[in-house]
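Q: Next one to model:
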Amino acid sequence: MKLLAVYFVCTGFAFAQSSAVVVGGGYNAFSPVSVAPGQVITIQATGVGNVTQKVTATLPLPKKLAGISALLFQGDIAIPAPIMAVFPLKGCPDGIAQVQCGSVTAITLQIPFELSPRIPGSLRPDFLTYLQVSDDAGHSASISLDPQLDAIHVLHSLDTVVVLDMAQKPGSSGAVVTHADGTPVDAMHPAKVSEQLVMYAVGVGATKPPVVTGAPSPMPPASATGGFMLNFDFQPNAPPTPGMMLINKWFVAPPGPVFVGLTPKFVGLYQINFVVQSPPAGVLPCVANLDFGANPYANVLSNLTVTLIGRTSFDGAQICVDTNTP
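A: A predicted model of the protein is given here:
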């Protein structure tokens with residue numbers, strides 16, 4: 001099986017500490033940023049670090065890279081968050097005025113597995129949780145965090161992705177969902193009914209057995225501890241949804257994933273192995289090529305959206321299924 005390791009440059013809202021400012025972080029525009037134990041995120045800060053080119057860590061991940069370090073604060077506990085990569089960004093993240101950011105440093109890191117998540121329904125008091133990034137010159141900035149059991153983010157083409165293979169394997173296509181041989185699932189290579197595919201994600205949460213933050217994931221692979229479900233939506237170009245499948249006008253719970261857990265030899269990368277379900281009658285095939293000037297939203301770019309549903313989050317991937325297979 002072909003494996004992936006992917007780092008993100010994503011945007012979000014945060015608050016500042018001292019003269020430096022965090023101008024982006026996480027995978028959406030909400031604040032505080034939802035994170036789970038072992039989460040891989042990239043945050044963007046001004047006034048921290050002075051890098052002119054990408055600096056990539058080796059395994060196990062260091063607590064400081066290119067003069068930049070990060071600490072996770074939760075209550076009265078401070079835990080180092082290992083750094084994966086540090087690199088400069090040109091211009092500002094989306095939605096941030098140029099006057100607010102200037103030179104931006106992107107810092108990809110792993111949230112420690114020691115993070116204590118908020119448990120729905122628990123009477124345990126919430127602790128103030130935030131991440132602070134600092135440099136050797138004494139500049140620092142912070143971003144508020146919302147600790148969750150899981151904060152699933154499935155890898156998809158809308159991410160700005162920096163592919164970094166820390167296990168020194170051959171390069172990967174970075175596809176969200178792959179066949180067993182690592183070939184991306186797309187309109188030219190659609191999935192077959194009853195085929196087992198692999199979907200990749202971050203933020204799936206704690207594992208059993210527990211793994212060491214910043215260290216390569218073990219082999220045999222560590223399983224995610226949450227009770228995860230799948231939703232198969234055969235509507236064209238459908239967004240991820242935690243709904244249930246509609247078969248013969250009845251809502252039914254689809255089969256669960258075959259495996260959810262860490263991908264061996266990588267840091268913070270999870271894989272979800274699942275079996276493709278049979279599409280209902282009338283599902284249209286994906287369009288392999290769009291005519292010049294065609295509106296992509298008026299065409300079938302995907303005919304199956306697979307959503308992974310966790311305890312506190314969900315996300316999914318749009319793929320193509322061969323409608324000619326029985």
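Q: is it true that Val193 touches Gln277?
A: Yes. Counting by C-beta atoms under 8 Å, Val193 touches Gln277, with 7.3 Å between them. For the C-beta atoms, the positions are set from N, CA and C on the backbone; glycine is no exception.
Q: contacting residues around Gly67?
A: Gly49, Asn50, Asp135, Asp136, Ala137 (C-beta atoms under 8 Å, 6 or more residues apart in numbering).
Q: give me that answer again for 7 Å
A: Neighbouring residues of Gly67 by C-beta atoms under 7 Å, 6 or more residues apart in numbering: Gly49, Asp135, Asp136.
Q: Likewise for Leu128?
A: With C-beta under 7 Å, 6+ apart, Leu128 has these contacts: Gly75.
Q: any idea how far the residue lying closest to Val33 once chain neighbours are set aside lies from Gly256?
A: Nearest residue to Val33 in three dimensions, chain neighbours excluded: Gly26, at 3.6 Å (C-beta to C-beta, 6 or more residues apart in numbering). Separation of Gly26 from Gly256 (C-beta to C-beta, to the nearest Å): 27 Å.
Q: between these two, who's got more neighbours?
A: More crowded of Gly26 and Gly256, by other C-beta atoms under 10 Å: Gly26, with 27 against 14.
Q: Can you tell me the SS state at Thr323?
A: The three-state assignment at Thr323 reads coil, by DSSP: H, G, I helix; E, B strand; the rest coil.
Q: how about it, what does it touch?
A: Pro279, Val283, Pro285.
Q: hang on, the earlier thing: who has more neighbours, Val193 and Gln277?
A: Applying other C-beta under 10 Å to Val193 and Gln277 shows that Gln277 carries more neighbours, namely 18 against 15.
Q: Now for the more buried one: which residues touch it?
A: Here Gln277 is in contact with Phe232, Pro254 (C-beta under 7 Å, 6+ apart).
Q: what about it, distance to Val321?
A: In terms of C-beta to C-beta, Gln277 sits 9 Å off from Val321.
Q: got it, and Ile143?
A: Counting by C-beta to C-beta, the gap from Ile143 to Val321 is 39 Å.
Q: Which one's more surrounded, the two?
A: Neighbour count, other C-beta under 10 Å: between Ile143 and Val321, Ile143 has more, with 29 against 26.
Q: Secondary structure element for that one, which one?
A: When elements are assigned from DSSP states H and E, Ile143 belongs to strand 140-147.
Q: I'd guessed the residue nearest to Val33 sits against Thr42; true?
A: No. If you go by C-beta atoms under 7 Å, Gly26 and Thr42 don't touch, sitting 8.6 Å apart.
Q: In contact with the residue nearest to Ser144 when sequence neighbours are not counted, which residues?
A: Distance criterion C-beta to C-beta, 6+ apart; nearest residue to Ser144, sequence neighbours excluded, is Pro32 at 3.6 Å. Applying C-beta under 7 Å, 6+ apart to Pro32 gives the contacts Ser144, Leu145, Asp146.
Q: what separates the first one from Ile77, distance-wise?
A: Here Ser144 is placed at a distance of 16 Å from Ile77 (C-beta to C-beta).
Q: Which one of those two is surrounded by more residues?
A: Set Ser144 next to Ile77 and count neighbours by other C-beta under 10 Å: Ser144 wins out with 16 against 13.
Q: That one bridge partners, please.
A: Beta-bridge pairing of Ser144 under DSSP bridges involves Tyr130.
Q: looking at it, it is touching Ser31, isn't it?
A: Yes. Between Ser144 and Ser31 there is a contact under C-beta under 7 Å: 6.2 Å.
Q: which residue packs closest to Ala20, ignoring adjacent ones?
A: Gly47 is the one closest to Ala20 (C-beta to C-beta, 6+ apart), at 3.3 Å.
Q: Around that neighbour, count how many other residues there are.
A: The number of residues packed near Gly47 is 21, by other C-beta under 10 Å.
Q: What ranges in the stretch 151-300 of the chain fall below the confidence cut-off?
A: For the stretch 151-300 of the chain, the stretches with pLDDT under 70 are 156-175, 244-253, 291-297.
Q: Spatially nearest residue to Met229, not counting backbone neighbours?
A: Leaving aside its sequence neighbours, Met229 sits nearest to Ile309 (C-beta to C-beta, 6+ apart; 4.3 Å).
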